[in-house]
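> Return atomic coordinates for the entry below.
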Amino acid sequence: MTAAGARAAAAEDRVFAALANATRREVLRLLRERGPQPVQALADHFDMRRPSLSEHLKVLREAGLVCEQRAGRQRIYSLEAAPLAEVQDWLHPYERFWRDRLKGLGDLLDRLPDDDQR
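Residues are numbered from 1 along each chain as shown. Reported below is the predicted structural model:
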């Protein structure tokens, strides 16, 4: 693997690792639905101390899934959706695989006689 390929794989690994945690997925959902928010507004949604949430935000930031801007004493977090498009691209062949499998199952079921016709 080339150096560029290794960097891309490492970035992809960071995104998948970030998405593996339910708290981080919920942070992304909140940012998607409600737009940019200060840390305290995000923290209000969780039963955890702010330093714990800050660790989750750090993982999301390092994965490129959120960005942070300072507004006075507040840090405002925003969703960065580009890495999610890369995840979707990676998942697409699997979606196609299952769609084809389910279509085959549907075709098989369509060929079977109905119970009321026996």
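
> who's in contact with Gln40?
For Gln40, the contact set (CB atoms under 8 Å, 6 or more residues apart in numbering) comprises Arg50, Gln74. Glycine gets a C-beta too; all of them are placed from N, C-alpha and C.

> would it count as being in a helix?
Yes. Assessed by DSSP: H, G, I helix; E, B strand; the rest coil, Gln40 belongs to a helix.

> so what's the residue nearest the centre of the chain closest to, chain neighbours aside?
Per CA atoms, centre = their mean, the C-alpha nearest to the average position across the chain is that of Leu19, at 4.9 Å. Spatial nearest neighbour of Leu19, excluding adjacent residues (CB to CB, 6 or more residues apart in numbering): Arg25 at 6.2 Å.

> Kindly report the same for His45.
Spatial nearest neighbour of His45, excluding adjacent residues (CB to CB, 6+ apart): Leu30 at 6.1 Å.

> ok, and that neighbour, which helix or strand is that part of?
Of the helices and strands defined by DSSP states H and E, Leu30 is found in helix 22-34.
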